[in-house]
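Novice: What follows is a predicted structure for the sequence shown.
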Amino acid sequence: MELENAESLSASPKPKMADTRRRVKVYTLNDERQWDDRGTGHVASAYNDHLKGMTLVVRAEQDGSVLLESKILLNTSYQKQQETLIVWSEGENTDLALSFQEKAGCDEIWEKICQVRV
């Protein structure tokens, strides 16, 4: 799988140190089995009352809009690949990937996923 690491984004200004750890690029797999870049933002895990569970939320770096909100599910197969990539499928036709700028951010979110799935 060839995904661009979020670190390679040079067009945006340097984020604050606290934000850098969870800076990600969001990808979806298209019908041609190629990864489409959906944008760059910052990911967090939070409880969502409407979805009744823990979610991964990615807010766009540019305007704070929601790029991704995904409920962490027990029966979903999450995979941590390399040191900065988390990949999973939602439903039958949606494959998603988060490419982290830093290993520490990937490890932190991976831990949150593992805590929910215990």
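Specialist: On my side now, so go ahead. Note that this is a predicted model, so its numbers are computed, not measured. Numbers count the residues shown, from 1 in each chain.
Novice: and residue 44, how many neighbours does it have?
Specialist: 14 (other Cβ atoms under 10 Å). Quick note: C-beta positions are derived from backbone N, CA and C, even for glycine.
Novice: Am I right that residue 98 is in contact with residue 109?
Specialist: Yes. Assessed by Cβ atoms under 8 Å, residue 98 is found in contact with residue 109 at 7.2 Å.
Novice: neighbour count winner among the two?
Specialist: residue 98 (26 against 23).
Novice: For the more buried one, which three-state class applies?
Specialist: strand (DSSP: H, G, I helix; E, B strand; the rest coil).
Novice: Beta-bridge partners for it, please?
Specialist: residue 26, residue 86 (DSSP bridges).
Novice: measure the residue nearest the centre of the chain to residue 59 for me?
Specialist: Nearest to the mean C-alpha position of the chain, by Cα atoms, centre = their mean, lies residue 98 at 3.3 Å. Residue 98 sits 13 Å away from residue 59, going by Cβ to Cβ, to the nearest Å.
Novice: The strand ranked longest in the chain - contacts with which helices or strands?
Specialist: Taking DSSP state E as the criterion, the chain has its longest strand at strand 35-48. Contacts defined by 3 or more Cβ pairs under 8 Å, 6 or more residues apart in numbering; DSSP states H and E place strand 35-48 against strand 23-29, strand 53-60, strand 66-71, strand 94-100, helix 103-116.
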